[in-house]
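Colleague: Everything below, folded, please.
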Amino acid sequence: MCVDALANKNNREQYTVEDKRNIYAMLLARNGECGRLKDGVLDSVVRDGNCSRRCVSRIWKETKTGGGVNSIKNNLKLKTGRKKMSLDIEALEAIPPGERTTIRQVAAGLNMSKSTVHHRLKEKVTRRVSNELKPSLTEANKKARVAYCLDNLEPSSLEDNPTFKDSFNKVHLDEKIFYRTRKTQKMYLSHREEAPKRECKHKNHIQQIMFLSAMARPRYDSQGNCVFDGKIGVWAFVDWVQAQKKSANRGRGEWELKPSSSVDKNKSREYIVQYVLPAIKEKWPESDRWNTVYIQQDNARTHVLANDPIFAMEAAKGGWDIRIVNQPPNSPDCNILDQACMREIIKHKGSMHYDTPHMKKKNIRE
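Modeller: I've put the predicted structure just below:
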């Protein structure tokens, strides 16, 4: 008939007129017309009627002071207060996308308050997305992207269940630039601390350094133990230069290590030959020692060509078969770490306009 009185007030069922009259009938049957409830009657009605003591007591008082069973009614009030403002989806879609990048703009375009627009966003009537600017692709670029993804399919699986190659024989090579600091840095301090005093010569020319990283797919044995973590190495692009001026740290003309001012094709070749190739030969699993190893890189102008003679000579030392392969042009999403992206590329016929799929690896591990 009703839920327990200890239930949440907002989620509790309301008593109908029929429920209240049934409770009153139980009270009359057990107490009679006496104006005062006898001992034990209230508790027995609460137990058998599955309702609260306050509800039973209130019904008894109302009927005795208001005229019996005819005084029982439902006092539930209708909805009061300001009415909820709905958001016109068609009006929202009529606003040019470039003019609804903030809640303020959307509110102005719909002639609504910012708080109302924000509430509709929280209720998932609208959604906020990050729109990424992507490289423009020609038809030749799209064909090359699809061909690249198809080449990564396992030939023996094409008829029944197409799957991608395991890519255990590929090393992904890429560069990353890091700045020494940021123009604005957020931090958490106590009330007794002062904010650090940070300085530099010019805020638009913060010192930066580029790193070259090489990694492959990790491998595990039948018991799930990692036998090769795939970490080939990370190297900073630096140069030894002579100091032009005397300072407290060094004298004039002394050699010091500085971040490389520029990285060209010769510098890239130098690092691959001196660092990447020796690291691969040292860390590569012995089980694949005599198989071909592919170093995959993007199509930056400063990268080493696949037929570079110096690289080929150094890569072949020790009987190794190490080759360089390039990703399709304008395709940063085609690295060997994103096989899920390759599926989307095939589905969208080489286009870049697709939602990046999430593998939910954390859930899979759990």
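Colleague: what's across from the closest residue to R323 other than its chain neighbours in the sheet?
Modeller: Leaving aside its chain neighbours, R323 sits nearest to Y294 (5.6 Å; criterion: CB to CB, 6 or more residues apart in numbering). (Glycine included, C-beta is placed from N, CA and C.) Beta-bridge partners for Y294, by DSSP bridges, are K170, R323.
Colleague: show me what contacts Y294?
Modeller: By CB atoms under 8 Å, 6 or more residues apart in numbering, the contact set of Y294 is N169, K170, V171, I322, R323, I324, V325.
Colleague: pLDDT on the one helix or strand L257 maps to, on average?
Modeller: Assigned by DSSP states H and E, L257 falls within strand 255-259. The pLDDT scores in strand 255-259 average 90.
Colleague: How about stretch 165-182?
Modeller: pLDDT averaged over stretch 165-182 gives 91.
Colleague: Centre of the chain to that stretch, how far?
Modeller: Taking the mean of its C-alpha atoms, stretch 165-182 sits 20 Å from the chain's own mean (CA atoms, centre = their mean, to the nearest Å).
Colleague: what distance separates the start and the end of that stretch?
Modeller: 41 Å (CA to CA, to the nearest Å).
Colleague: again with stretch 36-56
Modeller: Terminal residues of stretch 36-56 are spaced 13 Å apart (CA to CA).
Colleague: Would you mark the buried spots in it?
Modeller: Under the neighbour-count criterion of 16 or more other CB atoms under 10 Å, stretch 36-56 has L37, V41, L42, V45, V46, G49, C51, S52, C55, V56 buried.
Colleague: now stretch 201-219
Modeller: In stretch 201-219, counting by 16+ other CB under 10 Å, buried: M210, L212, A214, M215, A216, R217, R219.
Colleague: List phi and psi for the fifth one.
Modeller: For A216, the backbone dihedrals are phi -130, psi 180 (criterion: degrees, to the nearest 10).
Colleague: that older thread, name the helices or strands packed onto the helix or strand following the strand holding L257?
Modeller: Once the chain leaves strand 255-259, the next helix or strand it forms, by DSSP H and E, is helix 265-271. If you count contacts as 3 or more CB pairs under 8 Å, 6 or more residues apart in numbering; DSSP states H and E, helix 265-271 packs onto no helix or strand.
Colleague: same question for helix 265-271, mean pLDDT?
Modeller: 94.
Colleague: likewise stretch 134-154?
Modeller: Stretch 134-154 comes out at a mean pLDDT of 92.
Colleague: could the buried residues of stretch 201-219 go into CSV alongside pLDDT, secondary structure and distance to T16?
Modeller: Output for the buried residues of stretch 201-219, formatted as CSV (pLDDT from 0 to 100; DSSP: H, G, I helix; E, B strand; the rest coil; distance: CB to CB, whole Å):
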residue, pLDDT, secondary structure, distance to T16
M210, 94, strand, 74
L212, 95, strand, 75
A214, 95, strand, 73
M215, 94, strand, 67
A216, 93, strand, 69
R217, 90, coil, 65
R219, 92, strand, 67
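Colleague: from these, which is closest to K317?
Modeller: Closest to K317 out of these is A214 (17.8 Å), distances taken as CB to CB.
Colleague: ok, the closest one - contacts?
Modeller: V171, H172, L173, I232, G233, V234, V276, A279, I280, I295.
Colleague: How much space separates it from E175?
Modeller: Per CB to CB, to the nearest Å, A214 is found 11 Å from E175.
Colleague: do K283 as well
Modeller: Distance check for K283 against E175: by CB to CB, it reads 20 Å.
Colleague: ok, now N169?
Modeller: Distance from N169 to E175, counting by CB to CB: 22 Å.
Colleague: Would you format the buried residues of stretch 36-56 as CSV with pLDDT included?
Modeller: Putting those into CSV (pLDDT from 0 to 100) gives the following:
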residue, pLDDT
L37, 80
V41, 83
L42, 85
V45, 86
V46, 86
G49, 81
C51, 84
S52, 84
C55, 83
V56, 84
